[in-house]
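Trainee: for reference, the sequence and a predicted model appear below.
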Amino acid sequence: MPTAPRSLLDKVWDAHSVRELPSGQTQLFIGLHLIHEVTSPQAFAMLRESGLRVRFPSRTFATFDHIIPTDTQARPLADSLAEEMLVHLERSCAEHGIRLFDPGSGKQGIVHVIGPELGLTQPGTTIACGDSHTSTHGAFGAVAFGIGTSQVADVLATQCLALARPKVRRIEVTGKLRAGVYAKDVILAIIRRLGVKGGVGYAYEYAGPVIDAMTIEERLTVCNMSIEGGARCGYANPDEATFDYLRGRELAPQGAAFERAVAQWRAAASDPGASYADRVELDGSALAPAVTWGIHPGQSVGVDEKLPRLADAPSSERASLAEAFEYMGLRPGEPLAGTRIDVAFIGSCTNGRISDLREAARVARGGRVAPQVKALVVPGSQAVARQAEQEGLPEIFRAAGFEWRKAGCSMCLAMNPDKLVGRQLCASSSNRNFKGRQGSPTGRTLLMSPAMVAAAALRGEVTDVRDIL
Ligand code: SF4
């Protein structure tokens, strides 16, 4: 009997469902669990207190990213608390037989960068990690959830999570992106349109010609910020670009097993005619480079637009807009282009991949960072750093006055020494512009694409990268 057309989300959910729980949630088997030094120590402690072992060490992989410094990673770390967290993860991995990608492995990096590049992230599977931006892995057609510490313990102990099945919203991005407009601009435009809570209760399925034409690294950027739009997860359907990316990756299936896997992965894609709880269309051809101006990722404008005016906003939104303007020290109705910046940060799991660094280097080549700007380039992984070194990118950045750092989360959330100071304003390729996100309680963040960050670093102010390109 033919089954009704289903979305990828429904196929993956049904295939991983262990049972329906009395709460109405599903006990969902998790194919891959990624852990890092910050959300795991307490989870391992909970396991120990309960006398439990890790249920599937072979499905669990660990790395250092959040706390590890990016200037020197020599051990012991200068920060004793950070050192303690690394030691804790090392011991837990040794005790439970979990593979840890530490700096000595040559494979260390941000958890959402190394999963894809090692071939661990695969279509049609479920993934969990104790970091909000786990939605990143949806770029491969995986259903991937960011989880809290107690859920990390649940997955360690049972390889399962209790979750409610999200509805699916299909977001079709039509047309073709113009030069200087990137995946980051697409996802910022989606969040601006649908709101930071618009995705609550939903999985976002990204589709349409713009998504189809994207590389896997670009899809990773889009899926990464699904959570910033409130969605539980986000994904793109697997296609030839997905399979080409995975072919030959170290931990992907090899040889005949790879070909068998491709057949399964292909079948995981949403069926033509699948029904969706909601559909949204966005014209990609109309997009300009985006910059956030406020205190959440929904508050963005095209770099060629003026900031919103309070009088034009619905009365229910005016108080929050006014709060954002006050915190950011910006004025309604004025252009954002030309706003002077203090720091430029290129990196993070949103935009710390090799294609991001290549685009930023294309802008930085032959230029000079403005005198007042501190500019950092932080590769998302050691593999990204090696590739960049082979291509001569660090030399381009250094010659322009950028610092070239070691792999880690760095200034994305500043749990390490890379922090804003006071009210510094940072042009950042990361994913969150919340108050105090980058390490100073009064620090301010403008989210934008890596190429736009490079342009802002050179000019010392928010700049339309198309003027430089
Ligand atoms: S780069 Fe930022 S969002 Fe990504 S894993 Fe690190 S802290 Fe989380």
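Mentor: That came through fine.

Trainee: phi and psi next, for the residue of the stretch 251-400 of the chain found nearest the ligand.
Mentor: For the stretch 251-400 of the chain, the residue closest to the ligand is residue 349, as judged by CB to the nearest ligand atom, at 3.2 Å. Where C-beta positions appear, they are placed from N, C-alpha and C, glycine not excepted. Dihedral pair for residue 349: phi -70, psi -10, per degrees, to the nearest 10.

Trainee: my read: it touches residue 115, true?
Mentor: No. The pair residue 349 and residue 115 fails to qualify as a contact (CB atoms under 8 Å) at a distance of 9.7 Å.

Trainee: identify the residue nearest residue 163 in space, chain neighbours excluded?
Mentor: Counting by CB to CB, 6 or more residues apart in numbering, residue 163 lies nearest to residue 28, which is 5.3 Å off, once chain neighbours are set aside.

Trainee: oh, that last question was meant for residue 456, not what I typed.
Mentor: Excluding the flanking residues, the one nearest residue 456 by CB to CB, 6+ apart is residue 427, at 3.9 Å.

Trainee: per-residue confidence at residue 3?
Mentor: pLDDT for residue 3: 81.

Trainee: who touches it in this structure?
Mentor: The contact partners of residue 3, by CB atoms under 8 Å, 6 or more residues apart in numbering, come to none.

Trainee: let's verify it: helix, strand, or coil?
Mentor: Secondary structure assignment for residue 3 (DSSP: H, G, I helix; E, B strand; the rest coil): coil.

Trainee: now swap in residue 282 and tell me
Mentor: With three-state DSSP as the criterion, residue 282 reads strand.

Trainee: the residue nearest to residue 456 looks like it's in a strand, true?
Mentor: Yes. Under three-state DSSP, residue 427 falls within a strand.

Trainee: from the ligand, how far out is it?
Mentor: 16 Å (CB to the nearest ligand atom, to the nearest Å).

Trainee: could you report the neighbour count for residue 130?
Mentor: Neighbour count for residue 130, taken as other CB atoms under 10 Å: 25.

Trainee: so how far is residue 415 from the residue lying closest to it once chain neighbours are set aside?
Mentor: Distances taken as CB to CB, 6+ apart put residue 39 closest to residue 130, at 3.0 Å, once the chain neighbours are dropped. According to CB to CB, to the nearest Å, residue 39 and residue 415 sit 11 Å apart.

Trainee: now residue 191
Mentor: Distance of residue 191 to residue 415, computed by CB to CB: 24 Å.

Trainee: likewise for residue 258?
Mentor: Applying CB to CB, the value for residue 258 to residue 415 is 37 Å.

Trainee: who has more neighbours out of the two?
Mentor: A count of neighbours by other CB under 10 Å puts residue 415 above the other of residue 258 and residue 415, at 20 against 17.

Trainee: how about the residues of the stretch 251-400 of the chain near the ligand?
Mentor: For the stretch 251-400 of the chain, the residues in contact with the ligand (CB under 6 Å from any ligand atom) are 348-349.

Trainee: next, count neighbours for residue 279.
Mentor: Residue 279 has 13 nearby residues by other CB under 10 Å.

Trainee: cool, residue 372 as well?
Mentor: By the criterion of other CB under 10 Å, residue 372 has 11 neighbours.

Trainee: ok, it touching residue 460?
Mentor: Yes. In this structure residue 372 lies within contact range of residue 460 using CB under 8 Å: 6.0 Å.

Trainee: who touches both of those two?
Mentor: Contact with both residue 372 and residue 460 is made by residues residue 340, according to CB under 8 Å, 6+ apart.

Trainee: which residues of the stretch 101-250 of the chain fall in strands?
Mentor: Here the stretch 101-250 of the chain has its strands, by DSSP state E, counting those that start in this stretch, at 126-129, 143-146, 160-163, 167-174, 202-207, 233-236.

Trainee: partner strands of the fifth one and their direction?
Mentor: Partner strands and pairing direction for strand 202-207 (DSSP bridges) are strand 167-174 (parallel), strand 233-236 (parallel).

Trainee: now do the second one
Mentor: Strands adjacent to strand 143-146 in the sheet, as given by DSSP bridges, are strand 126-129 (parallel).

Trainee: residues in contact with the partner strand?
Mentor: Counting by CB under 8 Å, 6+ apart, 12, 16, 28-36, 111-112, 115, 121, 134, 137, 142-147, 151-152, 155, 161 sit against strand 126-129.

Trainee: which of those fall in helices?
Mentor: 12, 16, 111-112, 115, 151-152, 155 (DSSP state H).

Trainee: want to throw those residues into a markdown table with pLDDT and neighbour count?
Mentor: Formatted as a markdown table, these follow (pLDDT from 0 to 100; neighbours: other CB atoms under 10 Å):
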| residue | pLDDT | neighbour count |
| --- | --- | --- |
| 12 | 98 | 24 |
| 16 | 98 | 19 |
| 111 | 98 | 28 |
| 112 | 98 | 34 |
| 115 | 98 | 29 |
| 151 | 97 | 19 |
| 152 | 98 | 27 |
| 155 | 98 | 27 |
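
Trainee: neighbours around the closest residue to residue 213 other than its chain neighbours, how many?
Mentor: With CB to CB, 6+ apart as the criterion, residue 213 has its nearest non-adjacent residue at 7.2 Å, and that residue is residue 176. Neighbour count of residue 176, defined by other CB under 10 Å: 11.

Trainee: kindly report the same for residue 34.
Mentor: For residue 34, the neighbour count with other CB under 10 Å is 25.

Trainee: quick check: bridge partners of it?
Mentor: Assessed by DSSP bridges, residue 34 has beta-bridge partners residue 61, residue 129.

Trainee: wait, residue 197 touches residue 230, no?
Mentor: Yes. Counting by CB under 8 Å, residue 197 does reach residue 230; the two are 4.5 Å apart.
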